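**Student:** Would you be able to build a 3D model of this:
(2 chains, ligands or ions: 2)
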Amino acid sequence: MSTHIDPVNPAAAHDAIPAVDPRLLVREQGFSGYLNEFGRKMKAGDLGSIPVVIGLVVIWSIFQGLNSNFLSPENLTNIAITMVATGMIAVGIIFVLLLGEIDLSVGSVSGVSGAIVAVLAVTHGVNEWLAILAAVAGGALIGAIHGFFFARIGAPAFAVTLSGLLFWSGAMLQILGSNGTINIDSDGVVGKLTTYYFSDVAAGYGLAAVAVVAYFLASFSDSKRRQAAGVPSRPLGEILLRTGLLALFTFGPAAVFNQYKGLPLAVVLFVVVLVGTDFVLRRTSFGRNVFALGGSVEASRRAGINVTGIRIAVFSISGTFAAIGGLFWASKIAAANQSAGAGDLLMNVIAAAVIGGTSLFGGRGRTWNALLGVMVITSIQYGLALEGIATPIQYMITGAVLLATVVIDSVTRKTQKTAGRA
Amino acid sequence: MVHVSAAPVLALRGVSKRFGAVQALTDVELEVHSGEVVALVGDNGAGKSTLVKTIAGVHPIDDGVIEWQGRPVSITKPHDAQNLGIATVYQDLALCDNIDVVGNLFLGRELKRRGVLDEVEMERRARELLTTLSIRIPSVRIPIASLSGGQRQTVAIARSMLGEPQLVILDEPTAALGVEQTAQVLDLVERLRERGHAVILISHNMADVKAVADKVAVLRLGRNNGVFTVADTSQEEIISAITGATENAVTRRAARTGEAHK
Ligand SMILES: Nc1ncnc2c1ncn2[C@@H]1O[C@H](COP(=O)(O)OP(=O)(O)OP(=O)(O)O)[C@@H](O)[C@H]1O
Ligand SMILES: [Mg+2]
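**Tutor:** Ligands and ions are numbered 1, 2, ... in the order given. Predicted structure coming up:
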């Protein structure tokens, strides 16, 4: 069998780009191949980020038509800063959604985190960094507790975190005590989270430049390594195209921010979190195991993956990011109050994750989805607020948008099944 | 036949397994030596897959002893079996649909470079492995969901070969395969034996069993029902052990009426 000549694939091990099964639709090299693949993916229901980007363009055009201030640097900066709180929580919930589970407690947990920081730092005068550490560690612990009941005891995640939703909002009220609202020093660390700007124009452009160069070098060296190893690699043209797109989406926002007060700290932190979590999910064993669990729990178990450990870790991550989101929330309203983490926050978080393209069925999604989704949600909120449309209507619109997204997700999944890509 | 080593690689002594009200395995004995292919046969529901899963650590045994190279070991989770050098291809496939071929091949034992997944090396090794096994997959970067049943099966088999295991267990590996692929899997089994690996092969296909196995162990209703040397046993003898025709009058009569229907 070692001398067996493969009739279809004679060059397999040696050529960098071997001949493949002729029935298989793989992308040809070059840009026309790119377009072909794009069309095929569309038909197969592999829509990726396209619907969201189109949706975002439509939303922005409508609101800009209604109010010419909508796309002003000031309003866009405000949207960017406000969305970070929801976005951080959404990053955490994406980990849970990748498992095919849900965490309904994130809103309440974010409220607890804000309350912990306020009570420790303001009421008890604890060092603010310590207070932040306590709040984030608290979130991680709460998440781990949920994870324990789900993974170890075997209770449905939905039920565990629904109990958590009530329990932790009670805990938050208890921590806040009778007066209900604790104002936060807006010049403190937490306050600065959403009020600090890198006002030097060089900051925004510099960061964009670093990102673009780093991306290009990483892609280029990866492509070189692939060539050396004799596996398919991205052609230089494609790398340049991708780098160009990245430049557009980094220098563009940097220019907008620089026309107002500069690059907001909150946005920088959010991007750092997105890059970091994306790396963890796609480049580490842990991330691979999360996807595996979302694909098939039994297969993962048989592959020797520590199912219980991964599940607990994922819920702990969700709690951690809920806590971090809570800090941004407290910073934004400069207070910890009784309504923190309540209302439509949970819905917005789930909507952001799903709108961005994370599947509710597990195993499909990226943390970058949180960015796109939360931009859509926050843009709608700001646009409606600019038009003076009241909260009830806002709730109804957000609800309708979430439903629409879930429908897209379900239809996508069905199409993908028939196209053999579920 | 070829007893390369004195102590069997794997020996089961009086292994029992219960699922609630179902006694799936009762006092099962089994020995596999290196360089030996043992076929495990039996009717549907005889307990073959359950036996495989106890060895692989998916369903830990309730009673009895598992010996690995002469020493009793405890296998309570899949990792235990993997660490001993047992690779398993399950009947109900154990692949993740949403992950690509490379990812599935290395699932649970990813290659890393400075703590980060080494996708390039994994892809290179995957292509090399698939080529040496003459396995044709359209691309190693498409999700398992887009492969045919037989292609998935070959990926699952390739996966078991990655870690140079000492014992390979194949639970009906050829059930979903075409003629050519079946021949390749049987070739593969023979090559494993030549390289001194031990193989447990489960199959309902007597022709396959006779072609590659050295010994045939028969399970019936969760119990041993004979171990035969393939070279000096006829197909009829094995079949009657499977159907229980050798057991007692009632089962023999059942077997006869079964034959009368044919
Ligand atoms: N997870 C389980 N829970 C409960 N009962 C089980 C489980 N797995 C197997 N059984 C029972 O154990 C018995 C043996 O099943 P097993 O799958 O081992 O049969 P098999 O010999 O592999 O059959 P086949 O040839 O159909 O694959 C059956 O009665 C089955 O119902
Ligand atoms: Mg079976």
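
**Student:** Now do the same for the helix or strand containing residue A:392: mean pLDDT, whole number.
**Tutor:** According to DSSP states H and E, residue A:392 maps onto helix A:391-418. The pLDDT scores in helix A:391-418 average 80.

**Student:** which helices and strands does it pack with?
**Tutor:** Applying 3 or more Cβ pairs under 8 Å, 6 or more residues apart in numbering or on different chains; DSSP states H and E, one finds that helix A:391-418 makes contact with helix A:345-355, helix A:368-386. In short, each C-beta sits where N, CA and C put it, glycine included.

**Student:** And the last one, what's buried?
**Tutor:** Just to be clear, that refers to helix A:368-386. For helix A:368-386, the neighbour count (16 or more other Cβ atoms under 10 Å in any protein chain shown) marks A:368-384 as buried.

**Student:** what sits up against that helix?
**Tutor:** Applying Cβ atoms under 8 Å, 6 or more residues apart in numbering or on different chains, the contact partners of helix A:368-386 are A:49, A:52-53, A:55-56, A:59-60, A:62-63, A:66-67, A:69-70, A:75, A:78-79, A:82-83, A:86-87, A:90-91, A:94, A:270, A:274, A:278, A:348, A:351-358, A:393-394, A:397-398, A:401.

**Student:** how close does the residue of chain B most remote from its centre sit to residue A:284?
**Tutor:** Computed with Cα atoms, centre = their mean, the residue of chain B farthest from its C-alpha average is residue B:114, at 35.0 Å. Taking Cβ to Cβ, to the nearest Å as the measure, residue B:114 falls 11 Å from residue A:284.

**Student:** Which secondary structure state does residue B:17 sit in?
**Tutor:** Taken by DSSP: H, G, I helix; E, B strand; the rest coil, the conformation at residue B:17 corresponds to strand.

**Student:** tell me which residues form a beta bridge with it?
**Tutor:** Beta bridges link residue B:17 to residue B:25, judged by DSSP bridges.

**Student:** For it, list the residues it contacts.
**Tutor:** Per Cβ under 8 Å, 6+ apart, neighbours of residue B:17: B:23, B:24, B:25, B:47, B:50, B:51, B:54, B:59, B:61, B:62.

**Student:** Show the pLDDT at the residue lying closest to residue A:189 once chain neighbours are set aside.
**Tutor:** Distances taken as Cβ to Cβ, 6 or more residues apart in numbering or on different chains place residue A:128 nearest to residue A:189, at 4.5 Å, with adjacent residues excluded. Per-residue pLDDT puts residue A:128 at 94.

**Student:** wait, what's in contact with residue A:128?
**Tutor:** A:117, A:121, A:188, A:189, A:190.

**Student:** how close does residue B:193 get to residue B:217?
**Tutor:** Separation of residue B:193 from residue B:217 (Cβ to Cβ): 16 Å.

**Student:** for stretch B:99-117, what is the average pLDDT?
**Tutor:** The average pLDDT within stretch B:99-117 is 92.

**Student:** Report the beta-bridge partner residues of the residue in the stretch 101-250 of chain B positioned nearest to ligand 2.
**Tutor:** In the stretch 101-250 of chain B, the residue that lies nearest ligand 2 is residue B:171 (5.9 Å; Cβ to the ion). Residue B:171 has the following beta-bridge partners by DSSP bridges: residue B:202.

**Student:** residues in contact with it?
**Tutor:** By Cβ under 8 Å, 6+ apart, the neighbours of residue B:171 are B:48, B:49, B:52, B:88, B:89, B:90, B:91, B:202.

**Student:** Name whatever forms a beta bridge with the fourth one.
**Tutor:** Think residue B:88. With DSSP bridges as the rule, residue B:88 is bridged to residue B:169.

**Student:** Could you list the residues of the stretch 101-250 of chain B in contact with chain A?
**Tutor:** The interface of the stretch 101-250 of chain B toward chain A, taken as Cβ under 8 Å from any Cβ of the partner chain, is made up of B:103, B:107-110, B:112, B:115-117, B:120-121, B:123-124, B:127-128, B:130-132, B:134, B:136, B:138-139, B:141-143, B:145-146, B:184, B:187-188, B:191.

**Student:** Any of those buried? List them.
**Tutor:** Buried among those by 16+ other Cβ under 10 Å: B:103, B:107-108, B:110, B:117, B:120-121, B:123-124, B:127, B:130-132, B:134, B:136, B:138-139, B:141-143, B:145-146, B:184, B:188.

**Student:** Let's see which of the residues you listed end up in helices.
**Tutor:** Taking DSSP state H, the ones among those that sit in helices are B:103, B:120, B:121, B:123, B:124, B:127, B:130, B:131, B:132, B:184, B:188.

**Student:** isn't the fifth one right up against residue A:230?
**Tutor:** Yes: applying Cβ atoms under 8 Å, one finds residue B:124 in contact with residue A:230, separated by 6.6 Å.

**Student:** Model confidence for residue A:191, exactly?
**Tutor:** We have a pLDDT of 91 for residue A:191.

**Student:** The strand or helix carrying it: what's the following helix or strand?
**Tutor:** Using DSSP H and E, residue A:191 maps to helix A:189-195. Per DSSP H and E, the first helix or strand lying C-terminal to helix A:189-195 is strand A:197-198.

**Student:** Could you list every helix and strand that that following strand packs against?
**Tutor:** Counting by 3+ Cβ pairs under 8 Å, 6+ apart, strand A:197-198 packs on strand A:263-264, helix A:265-283.

**Student:** average pLDDT for the helix or strand just after that strand?
**Tutor:** Following strand A:197-198 in sequence order, the next helix or strand is helix A:201-229 (DSSP H and E). Mean pLDDT, helix A:201-229: 94.

**Student:** Which positions in helix A:201-229 come out as buried?
**Tutor:** Neighbour counts over helix A:201-229 (16+ other Cβ under 10 Å) mark A:203-205, A:207-208, A:211-212, A:215-216, A:219, A:223, A:225-226, A:229 as buried.

**Student:** Could you do stretch A:332-350 as well?
**Tutor:** Residues of stretch A:332-350 classed as buried: A:332-333, A:335-337, A:340-342, A:344-350 (neighbour count, 16+ other Cβ under 10 Å).

**Student:** If you rank every helix and strand of chain A by mean pLDDT, what lands last?
**Tutor:** For chain A, using mean pLDDT, DSSP states H and E, the weakest element among its helices and strands is helix A:31-43, scoring a mean of 66.

**Student:** helix or strand right after that helix?
**Tutor:** helix A:50-66.

**Student:** I'd like to know which elements that next one is packed against.
**Tutor:** Counting by 3+ Cβ pairs under 8 Å, 6+ apart, helix A:50-66 packs on helix A:368-386.

**Student:** and whichever residue of the stretch 101-250 of chain A sits closest to ligand 2, how many neighbours?
**Tutor:** Residue of the stretch 101-250 of chain A nearest ligand 2, by Cβ to the ion: residue A:154 (26.0 Å). Using other Cβ atoms under 10 Å in any protein chain shown, the number of residues around residue A:154 comes to 8.
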